[in-house]
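Colleague: Next input, structure requested:
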Amino acid sequence: MATHIARWDLDKTYLRTDFDTLRDLVRTAFERPEQKRTNPGASTLLREMVRAGIQVHILSGSPEQMRRRLEEKLRLDGVRWDTLTLKPNLRNLLHLRFRAVRDQLGYKLPALLRARVQATETGDVGTGGRETLFGDDAEADVYVYSLYADIVAGRVQRDVLERVLERGRLYEDVVEDVLSAMRALEPTDVVERILIHLEQQTPPGDFRAYGPRIVPFYNYLQAAFVLFEDGRLGAQAVLRVAVELATEHRFGGDALARSYLDLARRGHLRGETTAPLVDAFETSFAQPSLPATSELRVMVERLAWMADVARSVWRAEAQAVPDYLNLVSGHNPRTRHP
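Modeller: Numbering: from 1, shown residues only. As a prediction, this is how the structure comes out:
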């Protein structure tokens, strides 16, 4: 079986990071590892993904100078990773590439493509090895990830991509990097899901232009439910994420159950495989002496009818190619002009 890859952003996806003002940026830069806050459930989910044999590749817009503190924070959380790529902002400044400091398209897209080329050339994954991508709604993740997925799948023509990169105001050498990687890849539909953490509480409907591959989510139990249905996580892993939310972040049984129901109502779950969750609860989590037993019981007791809701809403949809040329002008919420 081909190795599965998870590609993660850090700021506002894994970490609860504030950088809306210069003061926020300075404070974030000087935070000690133990001061950095993790989004509820994210570290448990990452640990469970590693335990399931998934490779974790982190691609963050944080500057390279923060590497030591970020690595120490991940170690404090018990997270293991395969690669950690950070943004070379100091080099960009020294070379007077000021647009690159805030640009995500010109940073993340070539980095993703280079990583895919390297993974296939070194045999780390087979040509068909699939990926799940994690980002947030604060910057350009949904656009960049979706464009990456369709480039690798061969659904974006070279002339369209060149026009997208031109409108995105990418530097010439970056454009060549993207086109070179595109030529090196055998077209394969490898991106299974793109999960977008709703850090900014963006209405989920705003992502419809990107098709059913995108799953906007509010908490990491929802992400775990999606990975479970995709066959990437086991039932016990999902319940361990739920335990963290209940014991450390005051999620009651109703809140845990609503996490599933919200995804079901939005059509992101098929509702086919809830029985293993119930079985895992009864065999491993139902003892009164264990934490969050009562909260988990409320959730699993509602799974049957919530799965009915999922099945009644679920519709298989083909993944159409978004209109990247028109979407590029507003792809990054942090750089849109009023």
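
Colleague: Tell me how far the residue nearest to D82 when sequence neighbours are not counted lies from H4.
Modeller: Distance criterion CB to CB, 6 or more residues apart in numbering; nearest residue to D82, sequence neighbours excluded, is Q55 at 4.8 Å. Every C-beta, even on glycine, is put in place using the N, C-alpha and C of the backbone. From Q55 across to H4, the span is 7 Å (CB to CB, to the nearest Å).

Colleague: Where does the prediction get shaky in the stretch 51-200 of the chain?
Modeller: Counting by pLDDT under 70, the stretch 51-200 of the chain has low-confidence residues at 90, 92, 94-101, 124-128.

Colleague: so where do the helices sit in it?
Modeller: 67-76, 89-94, 98-102, 105-122, 141-152, 158-167, 172-184 (DSSP state H, counting those that start in this stretch).

Colleague: helices or strands up against the first one?
Modeller: Taking 3 or more CB pairs under 8 Å, 6 or more residues apart in numbering; DSSP states H and E as the contact definition, the neighbouring helices and strands of helix 67-76 are strand 83-87.

Colleague: please redo it, this time with the cut-off set to 10 Å
Modeller: helix 22-30, helix 42-51, strand 55-63, strand 83-87 (3 or more CB pairs under 10 Å, 6 or more residues apart in numbering; DSSP states H and E).

Colleague: Between the ones you listed, which one is closest to Y210.
Modeller: Closest of those to Y210 is strand 55-63, at 18.7 Å (criterion: CB to CB).

Colleague: quick check: angle from that closest one to strand 83-87?
Modeller: Counting by axes from the mean of the first three to the mean of the last three CA atoms, to 10 degrees, strand 55-63 points 20 degrees away from the direction of strand 83-87.

Colleague: so the residue nearest to D82 makes contact with A6?
Modeller: Yes: with contact defined as CB atoms under 10 Å, Q55 reaches A6; the gap is 6.8 Å.

Colleague: what do the two both touch?
Modeller: Counting by CB atoms under 10 Å, 6 or more residues apart in numbering, the residues touching both Q55 and A6 are 49, 81-82, 131.

Colleague: Show me which of these is closest to V156.
Modeller: E131 (16.6 Å).

Colleague: So that closest one versus H57, what's the distance?
Modeller: 9 Å.

Colleague: for R32, same thing?
Modeller: 25 Å.

Colleague: Output the longest helix belonging to the protein.
Modeller: In the chain, with assignment by DSSP state H, the single longest helix is helix 293-313.

Colleague: CA atoms only: put that helix into PDB for me.
Modeller: The C-alpha trace of helix 293-313 is given here as PDB (Å, rounded to 0.1, in the frame of the first residue of the first chain):
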ATOM      1  CA  THR A 293     -16.800   8.400  29.200                       C
ATOM      2  CA  SER A 294     -20.100  10.100  29.700                       C
ATOM      3  CA  GLU A 295     -19.400  12.700  27.000                       C
ATOM      4  CA  LEU A 296     -18.300  10.000  24.500                       C
ATOM      5  CA  ARG A 297     -21.400   7.900  25.300                       C
ATOM      6  CA  VAL A 298     -23.700  10.800  24.400                       C
ATOM      7  CA  MET A 299     -21.900  11.200  21.100                       C
ATOM      8  CA  VAL A 300     -21.800   7.500  20.100                       C
ATOM      9  CA  GLU A 301     -25.500   7.000  21.100                       C
ATOM     10  CA  ARG A 302     -26.400   9.600  18.500                       C
ATOM     11  CA  LEU A 303     -24.200   8.300  15.700                       C
ATOM     12  CA  ALA A 304     -26.900   6.000  14.200                       C
ATOM     13  CA  TRP A 305     -29.400   8.700  13.500                       C
ATOM     14  CA  MET A 306     -26.700  11.300  12.600                       C
ATOM     15  CA  ALA A 307     -25.400   8.800  10.000                       C
ATOM     16  CA  ASP A 308     -28.900   8.600   8.600                       C
ATOM     17  CA  VAL A 309     -28.700  12.400   8.200                       C
ATOM     18  CA  ALA A 310     -25.400  12.100   6.400                       C
ATOM     19  CA  ARG A 311     -26.700   9.400   4.000                       C
ATOM     20  CA  SER A 312     -29.800  11.500   3.200                       C
ATOM     21  CA  VAL A 313     -27.700  14.500   2.300                       C
END
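
Colleague: pLDDT of that helix, averaged?
Modeller: Taken as a whole, helix 293-313 carries a mean pLDDT of 97.

Colleague: Quick check: end-to-end length of stretch 135-147?
Modeller: Criterion CA to CA, to the nearest Å; first-to-last residue distance in stretch 135-147 is 14 Å.

Colleague: ok, D254 - how many residues close by?
Modeller: 13 (other CB atoms under 10 Å).

Colleague: can you pull out the strands in the stretch 151-300 of the chain?
Modeller: 191-197, 214-217 (DSSP state E, counting those that start in this stretch).

Colleague: got the CA positions of the shortest one in PDB?
Modeller: Included here for strand 214-217 are C-alpha records, laid out as PDB according to Å, rounded to 0.1, in the frame of the first residue of the first chain:
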ATOM      1  CA  ILE A 214     -12.600  21.000   0.200                       C
ATOM      2  CA  VAL A 215     -13.900  20.300   3.700                       C
ATOM      3  CA  PRO A 216     -14.100  23.400   5.900                       C
ATOM      4  CA  PHE A 217     -14.100  22.400   9.600                       C
END
